[in-house]
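build me a structure from this.
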Amino acid sequence: GWIRDGEWLLYTLDVQEAGRYTMTARAASPNSGRSATVSVNADPAYTHTLNLPNTGSFSRFTTVVVDDVTLPAGSVTLRLTFHGDGENLDWFAFAPSQPGPEPFEIPGTIQAEDYVPGGEGVGYHDTTPGNSGGAYRSDDVDIETAGGVTNVGWIRNGEWLHYTTTVANAGTYTMTARVASPNSGRTIAVLVDGAQAATIAVPNTGSFATFRTVQVPVTLSVGSHTLKLTFQGDGQNLDWIAFAVGGTTPPTPEPSAGASFVAVPATAPHGSAVKFTVTPAAGKAIRSAWWSFDAPAHLNTWNSRAVNPTFYYPARGTFSPLVKLTYTDGSSETVQRAGYVTAT
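Predicted coordinates:
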């Protein structure tokens, strides 16, 4: 604590394997605009920035993440140089990076909570520290699961979420959003590759738990695009967005709450194989799956896209695996079993 601008700390790391790593740090500060430069072996090619958000006080810590930190093998000198007075650092850790979810296909459905990894200023902008809903992810976006619906809530004016997409065919699409708000005059700006493509008018639905679907036309070109949703006005919830060709209305993906999975064995020595097998909801067929073998602690580092994967837990502990299923009818479902797997 009591950190001043320009101060630095030096560490020696023993990196077993060269590659890309995710750096996680626990930090606190009542100030905005603070950061730390992460320098490896004083080499500009191995320099990254750790953004330290305003958490409201020196004792209120939050977890910040830097993706794709490249580390060489062997003995590594790591230096943290702080920019700005007044920030506290508790710890930092490294885990091998895993690819995040594939870009979302359009036409198709995107769950609000599936914004890209990378943390504040990359996958999202959030003005309050911590996840107020405590569901699904461990960053500062506020996510809740209530009544079988996982949604982004506690939204403040100016906050945004970022997604990557791939568009199969150029043309005009109907964009549908599932929203809730007890307030009037709220909107969501839809930006494609940085340019505003549409504005979603969020109606007063009477409560944060009463959701309605609203639609706007959006013209998209073929290929890969970034999609950014910028919220205007406090107090609105977003469940999902969907895109359908032309004037057709996409089906409303309702949570089926019918999928399940098992791990065999559910208790095993760490480093040994644990086989996961998923059963879809009745009448559903799985198009794709995305696993986190411990959420939210290792949400974006212990992953697989196999439908029925095998994982080797690298450490002792009790873990909470999660699978997000996308069905062939366009609906999706998230299933998690808290404290389900124990590695001894």
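
alpha carbons only for contacts and neighbour counts from here, please
OK.

so what pLDDT did Pro251 get?
As predicted, Pro251 sits at a pLDDT of 44.

whoops, I mixed them up, Asp68
On pLDDT, Asp68 comes in at 69.

again, but for Gly247
Looking at Gly247, its pLDDT stands at 56.

quick one: the lowest-mean-pLDDT helix or strand in the chain to chain centroid distance?
In the chain, the helix or strand scored least confidently by mean pLDDT, DSSP states H and E is strand 62-71, which has a mean of 80. Offset of strand 62-71 from its chain centre (Cα atoms, centre = their mean, to the nearest Å): 13 Å.

what is that strand packed up against?
With contacts taken as 3 or more Cα pairs under 8 Å, 6 or more residues apart in numbering; DSSP states H and E, strand 62-71 sits against strand 19-28, strand 47-52.

neighbouring contacts of that strand?
Identification of contacts with strand 62-71 by Cα atoms under 8 Å, 6 or more residues apart in numbering yields 15, 18-28, 40, 46, 48-52, 55, 97, 117-120, 129-130, 138-140.

try stretch 134-147
Stretch 134-147 has contacts (Cα under 8 Å, 6+ apart) with 62-64, 113, 119-120, 124-126, 128-133, 150-155, 295-297, 299.

show me which of the residues you listed are buried.
Neighbour-count burial (16 or more other Cα atoms under 10 Å) applied to the contacts of stretch 134-147 gives 62-64, 113, 119-120, 124-126, 128-133, 150-155, 295-297, 299.

just send the helices and strands packed on strand 62-71 back as a markdown table, with mean neighbour count too.
Formatted as a markdown table, the helices and strands packed on strand 62-71 follow (neighbours: other Cα atoms under 10 Å):
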| stretch | mean neighbour count |
| --- | --- |
| strand 19-28 | 19 |
| strand 47-52 | 20 |
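
dig out what the nearest residue to Tyr46 once chain neighbours are set aside forms beta bridges with.
Nearest non-adjacent residue to Tyr46, counting by Cα to Cα, 6 or more residues apart in numbering: Val40, 5.3 Å away. Judged by DSSP bridges, the bridge partners of Val40 are Leu78.

quick one: pLDDT of Val40?
Looking at Val40, the pLDDT reads 91.

I figured it hits Ala73, correct?
No: shown here, Val40 and Ala73 do not form a contact pair, counting by Cα atoms under 8 Å, at 11.5 Å.

looking at these two, which one has more neighbours?
Between Val40 and Ala73, counted using other Cα atoms under 10 Å, the more crowded position is Val40 (24 against 13).

residues in contact with the more buried one?
Counting by Cα under 8 Å, 6+ apart, Val40 touches 46-47, 71, 76-79.

same question, Gly283
Applying Cα under 8 Å, 6+ apart, no residues contact Gly283.

please identify which helix or strand holds it.
Using DSSP states H and E, Gly283 maps to neither a helix nor a strand.

from His225, how far off is Asp294?
As judged by Cα to Cα, to the nearest Å, Asp294 and His225 stand 30 Å apart.

could you dump stretch 307-321 to CSV, C-alpha only?
Once non-C-alpha atoms are left out, stretch 307-321 reads as follows in CSV (Å, rounded to 0.1, in the frame of the first residue of the first chain):
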residue,chain,number,x,y,z
VAL,A,307,-19.2,-31.4,-26.0
ASN,A,308,-18.0,-34.2,-23.6
PRO,A,309,-14.4,-33.2,-22.6
THR,A,310,-11.8,-34.7,-20.3
PHE,A,311,-10.0,-32.4,-17.9
TYR,A,312,-7.0,-32.8,-15.6
TYR,A,313,-7.3,-30.6,-12.6
PRO,A,314,-3.8,-29.2,-12.0
ALA,A,315,-4.3,-28.4,-8.3
ARG,A,316,-6.0,-29.6,-5.1
GLY,A,317,-9.3,-28.1,-4.3
THR,A,318,-13.1,-28.1,-4.7
PHE,A,319,-14.2,-26.8,-8.1
SER,A,320,-17.5,-25.6,-9.7
PRO,A,321,-17.7,-26.7,-13.4
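
just how off-centre is that stretch within its chain?
Distance of stretch 307-321 from the chain centroid (Cα atoms, centre = their mean) equals 19 Å.

just stretch 9-27 next, same as before
On the basis of Cα atoms, centre = their mean, stretch 9-27 sits 21 Å off its chain's mean C-alpha point.

state the mean pLDDT of that stretch.
So the average pLDDT for stretch 9-27 ends up being 90.

and stretch 202-210, by the same measure?
Stretch 202-210 shows an average pLDDT of 90 in the prediction.

and it, how far apart are its ends?
Stretch 202-210 has its terminal residues 12 Å apart, counting by Cα to Cα.

what comes into contact with that stretch?
Contact with stretch 202-210 is made by 179-188, 211-212, 214, 236-237, as judged by Cα under 8 Å, 6+ apart.

hmm, Ile286 and Thr279 touching each other?
No: counting by Cα under 8 Å, Thr279 stays clear of Ile286, with 9.1 Å between them.

ok, back up a step: taking the contacts of stretch 134-147 one by one, which sit in strands?
Of the contacts of stretch 134-147, the ones assigned to strands by DSSP state E are 62-64, 124-125, 150-152.
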